[in-house]
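In: need coordinates for the following:
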Amino acid sequence: MSPSASPLFEGVFVRRLLAIAFPIALQVMLFSSRSLVDILMLGQLNELDVAAIGIAGRALFVVTIMLFGVTTGGALLAAQYWGAGNQHGMKQSVALTLTMTTLVATLAALVFLVLPEQVIGLATNNPEVIARGAEYLQITAVSLYAVSWGSSVSVGLRAMHQPAISTLFSAVGIALNLFLNWVLIFGNLGMPAYGIAGAAWATAISGLVEIALLFGYLHLKDHPIALRWSLFPEVFNAQMINRFLKLSLPTTFNHLAWSGGIFMYHVIIGQAGVDGLVALSVMTPIESLALAMLIGISNASAVLIGNQLGGSNMEQAYRQAWAVTVINFGFAVVTAAFMFLIRDPVLDLFAAMTPETRDLTEHFFMIFCVGMIVKSLPMTMIVGVLRAGGDIRFCFYQDIAAQWMIGIPLTAFCAFVLKLPLEWVYAMLVLEEVVKIVGSSIRIRSKAWMNNLVAG
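Out: Here you go, the predicted structure:
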């Protein structure tokens, strides 16, 4: 990187980056802690509950990531409209995003309500795990609306550099979820002990209450993101919908392909037995918590670089692209070292694990600490840079090639043909990240991603 780029690592830029990244990271941690709390509490009762909620959680994760993909079009437009000083255009982007995510959430909820056993059965043949996971999935299907509406509103708040508002209400939601888990899982305060069903009801109720409070606050404060019904008819015009779909559809398919691939990795490891499922189920929320700051920086980068592109400051956007990549890598190294140090205390919290499962999970934990350092590079390049410029198709094709043409086939080959130990199979998940580092680096250097999406 040239010396002229060095100011990007200090002063206003870094402060703005972290000011946006910290609330987003906290929100990711709060979101991830919902599943972690469920697994920790259910882990006191039965390993099968942990396996069941792990599979159901991955199915919900696929839809959640797909919803985030739908919001990408609105996020890109909102960030660039805000950068161009067009507040009404930003509000229209949020309204259209909310409409589209609601449609997707409805379709996904219907699948989980009607076909829960089939969804859980993709990852395991254990009938008890299938029954428990299906029950959890049916109850939590309604929580997809909370994800839909919350992520749509966050699009506008992030564009305005105010992500802390939604983070605050996420904290309220997780506190309520924790309390309801304690009441409904174990049967406290005179309630019956519902076990895994109690965890599901706690997740659904707390999510809907969180969104109701957020919307109520925005309207009470007459916030610009407090959308009025009169705004929605404005967004139903061909030009706006086409622009939104042009940005969102590739990203949605990209997110669906990627999250579906993550589910496939779960299937591959799950077919080896319940021990692998339990270990993976324990690691999933831990991974999400550990990656929270990296996700926050990546999303904050997309906002700041999107602002630069919307203002046609192309050289500044290019310099910031490399700066945020280096910054996120540094945070990954520090986070990985910290996670390594706290491995044993963290795993001690999962009391129900058998010695065999504990040993396997410890190996998974070590592999993850190394993998997150590698993962930080393509995460920033793709989420924070390429998508900020609307380079959605490249990201989609790269994900398909890295994951579905290289990562998943080789992982399945190692698991089912070579029959390698599960630790080695789990380590294969890092392979696709290496492929993305190479492709994304070449793409950023080409500057083909640098587009002003709201010009004219």
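In: which stretches of the stretch 1-150 of the chain have low pLDDT?
Out: Regions of the stretch 1-150 of the chain meeting the criterion pLDDT under 70 cover residues 1-10.
In: again, 90 this time
Out: 1-16, 18-20, 22-51, 54-55, 57-58, 61-62, 64-66, 68-97, 99, 122-126 (pLDDT under 90).
In: list the residues that contact the spatially most central residue of the chain.
Out: Relative to the mean C-alpha position of the chain, the nearest C-alpha, by C-alpha atoms, centre = their mean, is the one of Ile65, at 5.6 Å. Neighbouring residues of Ile65 by C-beta atoms under 8 Å, 6 or more residues apart in numbering: His255, Leu256, Trp258, Ser259. All C-beta spots, glycine's among them, are computed from the backbone N, C-alpha and C.
In: quick one, what contacts Tyr426?
Out: Applying C-beta under 8 Å, 6+ apart, the residues near Tyr426 are Ile269, Leu280, His363, Phe364, Ile367.
In: just the element for the second one, please.
Out: Right, Leu280. helix 274-290 (DSSP states H and E).
In: coming back round to it: so which of the contacts of Tyr426 is the most crowded?
Out: Top of the contacts of Tyr426 by neighbour number is Leu280, holding 26 neighbours under the definition other C-beta atoms under 10 Å.
In: Ala272 versus that residue, what's the distance?
Out: 10 Å (C-beta to C-beta, to the nearest Å).
In: now do Thr64
Out: Taking C-beta to C-beta, one finds Thr64 at 26 Å from Ala272.
In: the two: which has the busier surroundings?
Out: For Thr64 versus Ala272, neighbours defined as other C-beta under 10 Å are more numerous around Thr64 (21 against 15).
In: which one is the more buried one nearest to, not counting chain neighbours?
Out: Nearest non-adjacent residue to Thr64, counting by C-beta to C-beta, 6 or more residues apart in numbering: Val147, 5.3 Å away.
In: contact partners for the one you found?
Out: Neighbour list for Val147: Val63, Thr64, Leu67, Ala105, Gly207 [criterion: C-beta under 8 Å, 6+ apart].
In: so which of those are in helices?
Out: Val63, Thr64, Leu67, Ala105, Gly207 (DSSP state H).
In: possible to save the residues you listed as CSV with distance to Ile20?
Out: Formatted as CSV, the ones in helices among the contacts of Val147 follow (distance: C-beta to C-beta, whole Å):
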residue, distance to Ile20
Val63, 26
Thr64, 21
Leu67, 21
Ala105, 26
Gly207, 24
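In: quick one: which of the residues you listed is nearest Ala337?
Out: Nearest to Ala337, judged by C-beta to C-beta, of the ones in helices among the contacts of Val147 is Thr64 at 29.0 Å.
In: helices - which of the contacts of Tyr426 land there?
Out: Ile269, Leu280, His363, Phe364, Ile367.
In: which one of these is nearest to Leu36?
Out: Set against Leu36, the nearest of the ones in helices among the contacts of Tyr426 by C-beta to C-beta is Leu280 (13.9 Å).
In: thought that closest one was touching Val267?
Out: No. At 10.4 Å, Leu280 and Val267 do not qualify as touching, with contact defined as C-beta atoms under 8 Å.
In: give me the common contacts of those two.
Out: Common neighbours of Leu280 and Val267 (C-beta under 8 Å, 6+ apart) do not exist.
In: coming back round to it: separation between the residue nearest to the centre of the chain and Ala257?
Out: For Ile65, the distance to Ala257 - C-beta to C-beta - is 10 Å.
In: go on, Leu137?
Out: Leu137 sits 21 Å away from Ala257, going by C-beta to C-beta.
In: same thing with Asn237?
Out: Asn237 is 30 Å from Ala257, by C-beta to C-beta.
In: buried set for stretch 104-124?
Out: Buried residues in stretch 104-124, counted by 16 or more other C-beta atoms under 10 Å: Val104, Ala105, Ala108, Ala109, Phe112, Pro116, Val119, Ile120, Gly121, Leu122, Ala123, Thr124.
In: what segments of the stretch 101-250 of the chain are helices?
Out: Taking DSSP state H, counting those that start in this stretch as the criterion, the stretch 101-250 of the chain contains helices spanning 116-121, 127-140, 143-159, 164-186, 196-220, 232-235, 238-270.
In: okay if I get the contacts of Tyr426 as a markdown table plus pLDDT?
Out: Output for the contacts of Tyr426, formatted as a markdown table (pLDDT from 0 to 100):
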| residue | pLDDT |
| --- | --- |
| Ile269 | 88 |
| Leu280 | 88 |
| His363 | 95 |
| Phe364 | 94 |
| Ile367 | 95 |
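In: out of these, which one sits closest to Thr335?
Out: Ile367 (15.1 Å).
In: I'd say that closest one and Trp424 touch.
Out: No. Counting by C-beta under 8 Å, Ile367 stays clear of Trp424, with 9.0 Å between them.
In: against which helices or strands is the helix holding Leu280 packed?
Out: Under the contact criterion of 3 or more C-beta pairs under 8 Å, 6 or more residues apart in numbering; DSSP states H and E, helix 274-290 touches helix 12-42, helix 47-83, helix 238-270, helix 314-341, helix 355-379, helix 422-427.
In: restrict it to CA atoms and write it as CSV.
Out: Only the C-alpha atoms of helix 274-290 are listed here, as CSV (Å, rounded to 0.1, in the frame of the first residue of the first chain):
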residue,chain,number,x,y,z
VAL,A,274,-24.6,-37.5,16.9
ASP,A,275,-21.2,-36.6,18.4
GLY,A,276,-20.3,-34.6,15.4
LEU,A,277,-23.7,-32.8,15.4
VAL,A,278,-23.3,-31.9,19.1
ALA,A,279,-19.8,-30.6,18.6
LEU,A,280,-20.8,-28.6,15.6
SER,A,281,-23.9,-27.3,17.4
VAL,A,282,-21.7,-26.1,20.3
MET,A,283,-19.2,-24.4,18.0
THR,A,284,-21.8,-22.6,15.9
PRO,A,285,-22.8,-19.9,18.4
ILE,A,286,-19.3,-19.6,19.7
GLU,A,287,-18.1,-19.0,16.1
SER,A,288,-20.7,-16.3,15.6
LEU,A,289,-19.7,-14.5,18.8
ALA,A,290,-16.0,-14.6,18.0
